[in-house]
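> Make a model of this:
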Amino acid sequence: MVLITAVPGAASVSTRRAGVGLAPAGPVDATPSNSSSPPPAGASLAAWSSVTTYVEPPARYLAGFSYDAAAGYDLLFGGMNGPNSPLGDTWTFHEDLWQPVTTSGPPARFGANLVYDPAAGSVILFGGGNATSYLGDTWQFQDGSWTQLHPTDAPSPRELASATYDPATSQIVLFGGWNGDTDLNDTWTFSDGQWTNITGAVGPSPRDGSGMAYDAADGYVVLFGGENSSSVQNFNDTWTFSGGMWANVSATAGGPSARTPAESMAAAGATTGAGVLLFGGEDTYSGTYLNDTWTFVQGRWAEESSSLAPLPRVGASLVWDGALGDDLLVDGQGAITYNDSYVWNVTAWDATPEPTIPQARYDPSLAYDSAAQEDVLFGGLDTNTSLVDTDTWTYADHKWTVSDSGSTPPGERWGASMAYDPSDDAIVLFGGYDEQTQQPYPGTWTYQNGAWSELPTAAAPPARYGASMVYDSSDGYLVLFGGIGSGDTLLDDTWTFTGVGWSNDSPSTSPSPRAFAAMSDDNASSEVVLFGGCDQLNRTLGCVGVAGDTWAFVNGNWVQRFPASSPPGRAYGAMAYDSVDGYAVLYGGASPQQVYSDTWEFSKGSWFNITPSHGPGPLQGIGFAYDPVEKEFLLMGGVEGFGGAATSGMTWEFVGGPGMTPPPAHNLDWWLFADHGPLSIPIFGAISYITILSGISAILYALVRWVPRKSK
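Coordinates of the predicted model:
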């Protein structure tokens, strides 16, 4: 594969792992190019948005944490990751995946209270500290966005108060906290957007950092422990709150040693009889971190044993996760600041499973399987480990799943051509690059009903990788063009494929020899469209030249198009066709001067630059496909710059507005799905290449379409 490198003449990283040896003439400019005709009047610009990212939140403690039952995910806000280092980020956790919430929210803080209010269908945040001041503001998180509330009365500014929801009264209950001068012992309730002070004559002594949760077994709120800085004291008393009254039940409850639980106490279940769960904490004045586990059921504490337990810590965040059906504990401060997570499954602790997502890779093959109504991902190269992926993944309902049918998949490869053939209801894969032999693959494979099988063909294209392949919906066959063959030869032959086999077409006119060109079906114009590609190879530098021409394959012949404006020349860009709204989209790619992050629309013979302000960023070597059911383009992986740059594990979706007249690709948005860590770029033999799955993306017919979505 031929990626574009940053420095001409740079030595290959390894035998064939550099990419297109395109070298920038000056400083690398990864900004989108705007040299294009504007979209038609009245059309709104496209925009990318993230869907989900597998990037765990940074390590922290004293964060707010709550299960948002209306949205079906856990919500994490703020905390601190070091002395005087408050955080102001918001994250959601669902199905083993973390996702950052990018909308603006409360200022950074730690020790705030975060409680779900079922009556309002939203999460309420109150107070906290930011290392220089104490806060008394109230915020609401609903439908993915923060809104500050302005109640007529509210608790005074404080941090490390204790709060939980009391379903018996349909109110949030808040107690105590630290205001910078003294510990507090006032009691407040919150409902219908208003705070009410209900402090009575009887109640826990002034304190902060207590554990507090609702006990569904007995129908009351439970408070345990905490500390008082003025008296230099940790507590081990237990209180219940019911009907607006506090009761000290320490004499009969027994329980854990004196400590500051600080967020590490939660309901142990959502049904009657589940009780309350407490983990760890700190004996503040001896400096001892704890990791014992206790449950409170029917008015008494009982210590639980587990072969696995989180390491000793304080300030961990614990919540009952209704989606998991278990308690979830994250982060905390102990010997270090943690960013791990554990689940309590009623009887024992267990580490949370790793998210099920593809690892970072570049030059994978990606295509939409219309019969199964899912995207299919195969292969690619992990340049961090020099391993070539042989795994097959499917993507549906915005979730990745490993495909494991037991069939033997194609051998390890990257840069293979793949597209869906609706006439046979099968995905077809051809060629690719063998990292072990450092030679291109021959051979044709099909993926159908979740299983791979090699297809014997009497005649087939010569071995190659980086070819462009797509289904021609007007003529009813797959079209394959160009690529890199044996001896690093750029090819310009055209082949068509039906269920019967391959046919070598010999059009009178063809694009010049090239690889990793972007290619897409264009059913609205009854043709296949090809753009750009690497048209100059150097055995030392790799790809040193790119094309910027536009071609159409019509009725078995190639015809060059001359639109009024075009994207800058590039290779390794991705292109796919929106079969619902009738336009093609091109994303990214690279030239010797630049790695692109622009988004272009091709409609009725014209190019339009629809680059939004936000998107996946500069990429080459991506997998790209369009899903006509979800009406979205899917992008996965790629290289985040020139040769030697990180390889991405991100998954993005891009959606357009249906029913719009050409060009319809407006009101678009990018959504990020998953990041499994950085990778780098491959190099072959003496050739350095930077690949941007553009040729491969072109190969994918229903592979590419961008769809705007809300963060999950």
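> can you pull the buried residues of stretch 602-609?
Neighbour counts using 16 or more other C-beta atoms under 10 Å place 602-603, 606-609 of stretch 602-609 among the buried residues. All C-beta spots, glycine's among them, are computed from the backbone N, C-alpha and C.
> Throw those residues into JSON lines and include pLDDT, thanks.
Below are the buried residues of stretch 602-609 laid out as JSON lines (pLDDT from 0 to 100):
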{"residue": "602", "pLDDT": "96"}
{"residue": "603", "pLDDT": "94"}
{"residue": "606", "pLDDT": "96"}
{"residue": "607", "pLDDT": "97"}
{"residue": "608", "pLDDT": "94"}
{"residue": "609", "pLDDT": "93"}
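> can you map out the strands along the stretch 201-350 of the chain?
In the stretch 201-350 of the chain, the segments counted as strands under DSSP state E, counting those that start in this stretch are 211-215, 220-228, 233-242, 245-248, 265-267, 276-283, 288-297, 300-304, 317-321, 326-333, 337-344, 349-351.
> mind giving me JSON lines with those strands and columns for distance to residue 581?
Converted to JSON lines, these look like this (distance: least, C-beta to C-beta, whole Å):
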{"stretch": "strand 211-215", "distance to residue 581": "49"}
{"stretch": "strand 220-228", "distance to residue 581": "53"}
{"stretch": "strand 233-242", "distance to residue 581": "57"}
{"stretch": "strand 245-248", "distance to residue 581": "62"}
{"stretch": "strand 265-267", "distance to residue 581": "47"}
{"stretch": "strand 276-283", "distance to residue 581": "51"}
{"stretch": "strand 288-297", "distance to residue 581": "55"}
{"stretch": "strand 300-304", "distance to residue 581": "56"}
{"stretch": "strand 317-321", "distance to residue 581": "39"}
{"stretch": "strand 326-333", "distance to residue 581": "41"}
{"stretch": "strand 337-344", "distance to residue 581": "41"}
{"stretch": "strand 349-351", "distance to residue 581": "44"}
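> And those: which comes nearest residue 100?
Residue 100 sits nearest to strand 337-344 of all the strands of the stretch 201-350 of the chain, at 13.6 Å, using C-beta to C-beta.
> for the strands of the stretch 201-350 of the chain, which one sits closest to residue 397?
Residue 397 lies closest, by C-beta to C-beta, to one member of the strands of the stretch 201-350 of the chain: strand 317-321, at 20.0 Å.
> ok, residues contacting that closest one?
Contact with strand 317-321 is made by 63-67, 74, 76, 79, 93, 263-270, 277, 279, 326-332, 343, as judged by C-beta atoms under 8 Å, 6 or more residues apart in numbering.
> which of those residues count as buried?
Among the contacts of strand 317-321, those classed as buried by 16+ other C-beta under 10 Å are 63-67, 74, 76, 79, 93, 263-269, 277, 279, 326-332, 343.
> Now render the strands of the stretch 201-350 of the chain as a markdown table, adding mean pLDDT.
Shown next, in a markdown table, are the strands of the stretch 201-350 of the chain (pLDDT from 0 to 100):
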| stretch | mean pLDDT |
| --- | --- |
| strand 211-215 | 95 |
| strand 220-228 | 96 |
| strand 233-242 | 96 |
| strand 245-248 | 97 |
| strand 265-267 | 90 |
| strand 276-283 | 95 |
| strand 288-297 | 94 |
| strand 300-304 | 94 |
| strand 317-321 | 94 |
| strand 326-333 | 94 |
| strand 337-344 | 92 |
| strand 349-351 | 90 |
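> What is the neighbour count of the closest residue to residue 461 other than its chain neighbours?
Counting by C-beta to C-beta, 6 or more residues apart in numbering, residue 461 lies nearest to residue 495, which is 4.8 Å off, once chain neighbours are set aside. Close neighbours of residue 495, defined as other C-beta atoms under 10 Å, add up to 20.
> mind checking the SS state of residue 495?
Recorded secondary structure, residue 495: strand (DSSP: H, G, I helix; E, B strand; the rest coil).
> give me every residue that touches it.
Shown in contact with residue 495 (C-beta under 8 Å, 6+ apart): 461, 479-481, 502-505.
> May I have the beta-bridge partners of residue 139?
For residue 139, the residues forming beta bridges with it (DSSP bridges) are residue 125, residue 148.
> Tell me if I'm right that it and residue 109 touch.
No: look at residue 139 against residue 109 with C-beta atoms under 8 Å: they stay out of range, at 10.4 Å.
> Pick out whichever of the two has more residues nearby.
residue 109 (27 against 20).
> quick one, phi/psi of that one?
The phi/psi pair for residue 109 (degrees, to the nearest 10) reads phi -170, psi 170.
> Any figure for the gap between the closest residue to it other than its chain neighbours and residue 214?
Nearest residue to residue 109, sequence neighbours excluded (C-beta to C-beta, 6+ apart): residue 128, at 3.5 Å. Separation of residue 128 from residue 214 (C-beta to C-beta, to the nearest Å) stands at 21 Å.
> the more surrounded of these two?
The neighbour count for residue 128 versus residue 214, taken as other C-beta under 10 Å, is higher for residue 128 (33 against 23).
> so what does the helix or strand hosting that one touch, helix or strand wise?
Per DSSP states H and E: residue 128 is located in strand 122-129. Where contact means 3 or more C-beta pairs under 8 Å, 6 or more residues apart in numbering; DSSP states H and E, strand 122-129 is packed against strand 64-68, strand 113-117, strand 134-142, strand 171-178.
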